[in-house]
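*Asks:* next input, structure requested:
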Amino acid sequence: MTASDLYIPPKPLSLWSVVALARVMWKGDGNLLELLPAAAYHFDVGNLGYSRRSTVLFNQPEAVREIMRDADGVFPKSDLMVSALEHLIGDSIFVTDGERWKRQRAMIDPAFSHMRISHAFGAMKAAVDDHLTILREKADAGEAFSLDLAMSHLTADIICRTVFSTPLQSGVAVDVFEDFTLFERSAVQVDVMRLIFKPAWSDIPQPPEVLAACERIRRHLGTLVDSHLDDPGAFDDIASSVISARDQETGEPFSREALIDQLGVFFLAGHETTASALTWAFYILADQPQWLSHLREEIAAVVGDAPVTFEHTRQLPLTKAFFKETLRLYPPITFMPRVALREATVAGRRLRKGALVMIAPWTLHRNGKWWSDPHAFRPERFLPENEDALIQGAYIPFGQGPHTCVGAGFAQTESVLILAELVRQFDWLLSPGQTVRPAARMTTRPADQVMLHVRHLAA
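*Replies:* Residues are numbered from 1 along each chain as shown. Below you'll find the model as predicted:
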């Protein structure tokens, strides 16, 4: 394959630091991807501009591993991230660290057994089958629709069935999508002025619209929690396991608000991140339709006309590689910020107390030192015969260390199932006149919703 044959999907235009900062401040949309200077894709360790608190980006796999493992408890989750998320998921395992995180994790560990694929696959398949019906109706009508909303609805339905044993009502799905979108666009973890001029651990007030969106999302989650609290013996799912959990020291259960916190993490991490990746996967399929043919050939050879089973999802190496390469170029969690509680040294770089220690899967996955043609879409990197050549620690779409996403296997199987079922039944066609660019908010999303339509395959 020559350089001219390579497909480069949408990425930000890399500029000098000062120009990049001016662009972000002029646009005012808080898209931190466009704040990244060109150098951020090449260095091992470097400063991201200049700010009162110091922001240091690490692209060196061993240094990233040291920070994420955090054996001495020096690098907890960033105060910026905690402040942005606390109104949505409270004091949950997604934002806590240290002993508090360990106690919470011990309480909810039994619930993770429900994320075993053998336990969850039936719920996944039922949600996908229902979504196929929706897509057939859209294909019959020739109706354009939001790819972002469609993927959010589907993955939210899957996680709702898995966590709460109930399908997600379509009206609730739309409400949750719109509120998450508002939250991502407005949450001030991406307030560039505060990032530059405020010291660490400054008070970060949230805009009223963010607080209102968080309240609405938590109200929907509270309704689902109450259905279980009202009849605790009627369910065998993630929610019932978390409800029955007890603190090993005090014997106390989670309060209702704490249940919404913890189950909100399952809901947030279980649907929003996967929806982000699938949005990019189907955008690429619509933009590069030859990949529809490649994947269909594999799916037809393995599955035929039968329903896709769990075993089938393990026998589709090209489809899995396609999804892994999508995760490389568009990791759902764009940045994983930490903060230095005290002075420390990592990879020879001295960090002062309060420094923002930035782990960015986005730049790590696109660093030319670890990846050939780093911005090009090349799924063959992840075929079984090529994976031994990958640099260990240079690919972290699900995090690393003790906080590695426990739902990684769940998300990958779910995504391969969705790709297999939707690819073999429809052509995916982009609506004309769109400019698609990635934006880093809570997840890596298109800056504007991607509109497309689907068409039935010819018999």
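*Asks:* alpha carbons only for contacts and neighbour counts from here, please
*Replies:* Fine.
*Asks:* strands of this structure, start to end?
*Replies:* Under the criterion DSSP state E, the chain contains strands at 45-47, 55-58, 145-146, 336-339, 344-346, 349-351, 356-359, 426-430, 438-440, 444-446, 451-456.
*Asks:* buried stuff in the fourth one?
*Replies:* Looking back up the chat, that one is strand 336-339. 336, 337, 338, 339 (16 or more other CA atoms under 10 Å).
*Asks:* packing partners for it?
*Replies:* helix 79-89, strand 356-359 (3 or more CA pairs under 8 Å, 6 or more residues apart in numbering; DSSP states H and E).
*Asks:* got the buried residues for the first one?
*Replies:* Put plainly, it is helix 79-89. Result for helix 79-89 [16+ other CA under 10 Å]: buried residues 79, 80, 81, 82, 83, 84, 85, 87, 88, 89.
*Asks:* redo the strands of the chain as CSV? Include distance to residue 374.
*Replies:* Shown next, in CSV, are the strands of the chain (distance: least, CA to CA, whole Å):
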stretch, distance to residue 374
strand 45-47, 18
strand 55-58, 17
strand 145-146, 29
strand 336-339, 20
strand 344-346, 25
strand 349-351, 25
strand 356-359, 18
strand 426-430, 25
strand 438-440, 16
strand 444-446, 17
strand 451-456, 27
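*Asks:* low-confidence regions, the stretch 101-250 of the chain specifically.
*Replies:* Residues of the stretch 101-250 of the chain that meet the criterion pLDDT under 70 lie in 113-115, 170, 185-204.
*Asks:* same question, the stretch 351-459 of the chain
*Replies:* 459.
*Asks:* tell me the contacts of residue 47?
*Replies:* Residue 47 sits next to 54, 55, 56, 57 when contact means CA atoms under 8 Å, 6 or more residues apart in numbering.
*Asks:* closest to residue 326 out of the strands of the chain?
*Replies:* Ranking the strands of the chain by their distance to residue 326 (criterion: CA to CA) puts strand 444-446 first, at 11.4 Å.
*Asks:* and that closest one, what does it pack against?
*Replies:* helix 273-287, strand 438-440.
*Asks:* by mean pLDDT, show me the worst of these.
*Replies:* Among the helices and strands packed on strand 444-446, strand 438-440 carries the lowest mean pLDDT, a mean of 89.
*Asks:* for it, the distance to its chain's centre please.
*Replies:* A distance of 12 Å separates the centroid of the chain from that of strand 438-440, by CA atoms, centre = their mean, to the nearest Å.
*Asks:* tally of neighbours for residue 64?
*Replies:* Residue neighbour count, defined by other CA atoms under 10 Å, stands at 26 for residue 64.
*Asks:* same check on residue 148?
*Replies:* 24.
*Asks:* from residue 424, how far out is it?
*Replies:* 20 Å (CA to CA, to the nearest Å).
*Asks:* next one: residue 452
*Replies:* Applying CA to CA to residue 452 and residue 424 gives a distance of 17 Å.
*Asks:* and what of residue 179?
*Replies:* Taking CA to CA as the measure, residue 179 falls 32 Å from residue 424.
*Asks:* what's the burial count for the closest residue to residue 183 other than its chain neighbours?
*Replies:* Closest residue in space to residue 183, ignoring its immediate chain neighbours: residue 210 at 5.3 Å, by CA to CA, 6 or more residues apart in numbering. By other CA under 10 Å, 22 other residues sit near residue 210.
*Asks:* okay, residue 31: pLDDT?
*Replies:* We have a pLDDT of 67 for residue 31.
*Asks:* got a list of what residue 229 touches?
*Replies:* residue 243.
*Asks:* ah, wrong one, I meant residue 361
*Replies:* 328, 331, 333, 334, 335, 336, 395, 396, 397.
*Asks:* 7 Å - rerun?
*Replies:* Shown in contact with residue 361 (CA atoms under 7 Å, 6 or more residues apart in numbering): 331, 334, 335, 396, 397.
*Asks:* what's the answer for residue 172, then?
*Replies:* Contacts of residue 172 (CA under 7 Å, 6+ apart): none.
*Asks:* quick check: it vs residue 121, distance?
*Replies:* 23 Å.
*Asks:* what does residue 239 give?
*Replies:* 17 Å.
*Asks:* between these two, which has more neighbouring residues?
*Replies:* More crowded of residue 239 and residue 121, by other CA under 10 Å: residue 239, with 28 against 20.
*Asks:* my guess is the more buried one meets residue 165, correct?
*Replies:* No - with contact defined as CA atoms under 7 Å, residue 239 does not reach residue 165; the gap is 8.6 Å.
*Asks:* give me the pLDDT for the residue found closest to residue 13 once you drop the neighbours it is linked to in the chain.
*Replies:* Using CA to CA, 6+ apart and skipping the chain neighbours, the partner closest in space to residue 13 is residue 34 (7.1 Å). pLDDT for residue 34: 77.
*Asks:* the residue nearest to residue 386 when sequence neighbours are not counted: neighbour count?
*Replies:* Leaving aside its sequence neighbours, residue 386 sits nearest to residue 380 (CA to CA, 6+ apart; 7.3 Å). For residue 380, the neighbour count with other CA under 10 Å is 16.
*Asks:* before I go, just wanted to say thanks for your time.
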